[in-house]
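>>> sharing a model that was predicted from the sequence below.
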Amino acid sequence: MINGDNFNNHSKRPHILVAPLDWGLGHATRCIPIIKHLIFLNIDLTIIASGNSFFLLKKEFPQLKILQIKGYKIHYSRKKKNLPFVLLAQFPKLIFTVIREHYWLKNFLKNNKADAVISDNRFGLYNKKIVSVYITHQLLIKAGNSFIEKVLQQFHYFFIKKFTHCWVPDYEKNGLAGDLSHPKKIPANAAYIGSLSRFEILSEAKKIFDVLILISGPEPQRTIFEQIIISQSKNSNKKILLIRGLPQEKENLQTTNASINIINHLSAEEMNTCIQQSKLVISRCGYSTVMDLVRLRANAVLVPTPGQTEQEYLAEYLMQKKYFICMNQDNFKINEAMEMALTFQFIKADQVQLIYKNVLNEFVQSLKSGKFATQ
């Protein structure tokens with residue numbers, strides 16, 4: 001068994017930067033297992049984060065150095081039909097942010113030594129002086145239009161090619177993300193590293209909640225979904241645990257229904273336990289959430305963020321596979337969701353564990369030997 005203190009005979013202790021995107025919490029949560037394994041391998045780590053991701057990772061890893069940088073701060077519209085125009089209007093800001101973070105890394109390396117950077121969907125965090133890894137499951141970006149999808153893919157691949165490696169958190173065969181991670185053509189530097197989840201199955205976990213509701217994602221849709229849930233649950237006699245996905249929020253949200261427990265944020269360990277203590281999970285259809293639910297073999301109802309084409313595609317794909325129930329936010333009814341889950345024949349996805357750990361082992365060993373990793 002590999003021990004982090006004597007991973008190999010080389011004395012060099014690589015310094016690795018890990019930087020998740022601040023577009024929701026999913027990019028940060030799926031970096032947690034990567035960070036934990038790098039800690040196990042006795043690597044010198046620095047986390048680079050912004051927004052809620054910064055606060056989440058600061059709570060999760062208080063012992064690590066965490067630098068706060070400016071994020072993308074992408075906002076969604078209240079109405080689905082307006083979303084393409086809202087996102088298009090923010091495109092110049094996105095490009096500016098990519099350029100800004102690229103020069104941030106360049107300036108950081110002038111004053112600090114680093115051997116590699118692992119960037120989860122941050123386009124600008126690459127540099128020729130160090131090994132760079134780009135993490136994404138969206139090799140195909142769904143847009144509802146084949147021409148636009150082709151343009152977006154070319155734009156995405158332009159940045160992917162600037163990185164040394166591209167790690168795809170999915171399986172090469174029987175993937176969880178469908179066409180998103182398995183387009184007709186993948187980048188030459190891409191490799192599948194298996195599913196990423198911060199959770200582990202507990203030997204004993206008694207069911208004490210009827211439903212666990214996980215609210216997450218960009219505003220204003222996060223708040224809109226939260227308001228829908230609270231309104232529909234105010235007269236419920238079911239035992240409900242609602243997690244708001246707000247790690248920086250200090251004030252608790254109050255409700256008149258004693259059967260509903262509302263919490264701003266849970267640590268990974270606490271969330272791991274609560275999911276397994278719940279008969280049913282209701283959450284967004286973010287891919288990181290999907291990987292966590294698959295890992296814990298949880299029964300779930302997924303509600304994609306309106307207008308977020310990736311989640312809408314995933315919802316339809318996972319429903320067809322019968323892994324989860326999927327419902328639209330516009331006609332979502334919590335009682336209907338719970339009733340449907342009672343009779344739905346959930347199929348549990350096959351999983352191959354620890355692929356990413358083997359990839360990280362080889363990656364770190366190549367850094368210690370002074371050679372670029374070739375996954």
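Cool, the structure landed.
>>> how far away is Val352 from Glu269?
24 Å (C-beta to C-beta, to the nearest Å). C-beta here means a position set from N, CA and C on the backbone, and glycine is covered the same way.
>>> actually Gln277, sorry about that
13 Å.
>>> looking at these two, which one has more neighbours?
Neighbours around Gln277 and Glu269, counted as other C-beta atoms under 10 Å, are more numerous at Gln277. The numbers are 15 against 12.
>>> from Leu212, how far out is that one?
8 Å.
>>> same question for Asn112.
In this view, Asn112 and Leu212 are 41 Å apart by C-beta to C-beta.
>>> more neighbours: those two, which one.
Comparing Asn112 with Leu212 by other C-beta under 10 Å, the one with more neighbours is Leu212, at 24 against 11.
>>> pairing partners for the more buried one in the sheet, please.
Residues in a beta bridge with Leu212, per DSSP bridges, are Leu241, Val281.
>>> isn't it right up against Val281?
Yes. With contact defined as C-beta atoms under 8 Å, Leu212 reaches Val281; the gap is 5.0 Å.
>>> shared neighbours of these two, anything?
Ile275 (C-beta atoms under 8 Å, 6 or more residues apart in numbering).
>>> how is the chain carved up into domains?
The record assigns the chain these domain ranges, following automatic domain parsing: 4-195+353-368, 211-343.
>>> and those domains: which comes nearest Glu204?
domain 211-343 (9.2 Å; C-beta to C-beta).
>>> quick one: the helices in the stretch 151-300 of the chain?
221-233, 268-276, 287-295 (DSSP state H, counting those that start in this stretch).
>>> return the most buried member of these.
Per residue and on average, the most neighbours among the helices of the stretch 151-300 of the chain fall to helix 287-295, with a mean of 25 (mean count of other C-beta atoms under 10 Å).
>>> what residues does that helix touch?
25-27, 29-30, 137, 169, 176-177, 180, 195-201, 214, 216, 275, 281, 283, 300, 302, 310, 314, 318, 323-324, 348-349, 351.
>>> so who does the closest residue to Ala28 other than its chain neighbours touch?
Sequence neighbours aside, Ser53 is the residue nearest to Ala28 in space, at 3.8 Å (criterion: C-beta to C-beta, 6 or more residues apart in numbering). Ser53 is in contact with 20-22, 25, 27-28, 71, counting by C-beta under 8 Å, 6+ apart.
>>> could you do Asn299 as well?
By C-beta under 8 Å, 6+ apart, the residues touching Asn299 are 279-281, 324, 341, 344, 346.
>>> and with 7 Å instead?
280, 341, 346 (C-beta atoms under 7 Å, 6 or more residues apart in numbering).
>>> what of Pro92?
Here Pro92 is in contact with no residue (C-beta under 7 Å, 6+ apart).
>>> what strand or helix carries it?
helix 91-111 (DSSP states H and E).
>>> buried set for that helix?
The neighbour-count check on helix 91-111 (16 or more other C-beta atoms under 10 Å) flags 97, 101-102, 104-105, 108 as buried.
>>> distance check, the residue nearest to Ala28 against Thr289.
For Ser53, the distance to Thr289 - C-beta to C-beta - is 15 Å.
>>> average pLDDT across the helix holding Pro92?
Averaged across helix 91-111, the pLDDT comes to 89.
>>> need the CA coordinates for that helix. CSV is fine.
Written as CSV, here are the backbone C-alpha positions of helix 91-111 (Å, rounded to 0.1, in the frame of the first residue of the first chain):
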residue,chain,number,x,y,z
PHE,A,91,-19.4,36.9,-22.4
PRO,A,92,-17.0,39.9,-22.5
LYS,A,93,-16.8,39.7,-18.7
LEU,A,94,-15.9,36.0,-19.0
ILE,A,95,-13.1,36.6,-21.4
PHE,A,96,-11.8,39.4,-19.2
THR,A,97,-11.8,37.1,-16.2
VAL,A,98,-9.9,34.4,-18.1
ILE,A,99,-7.2,36.9,-19.1
ARG,A,100,-7.1,38.3,-15.5
GLU,A,101,-6.6,34.9,-13.9
HIS,A,102,-4.0,33.9,-16.5
TYR,A,103,-1.9,36.9,-15.6
TRP,A,104,-2.6,36.3,-11.9
LEU,A,105,-0.9,32.9,-12.2
LYS,A,106,2.0,34.4,-14.2
ASN,A,107,2.6,37.0,-11.4
PHE,A,108,2.1,34.4,-8.7
LEU,A,109,4.9,32.2,-10.3
LYS,A,110,7.3,35.2,-10.3
ASN,A,111,7.3,35.2,-6.5
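>>> chain center to that helix: distance?
How far helix 91-111 lies from its chain's middle: 22 Å, per C-alpha atoms, centre = their mean, to the nearest Å.
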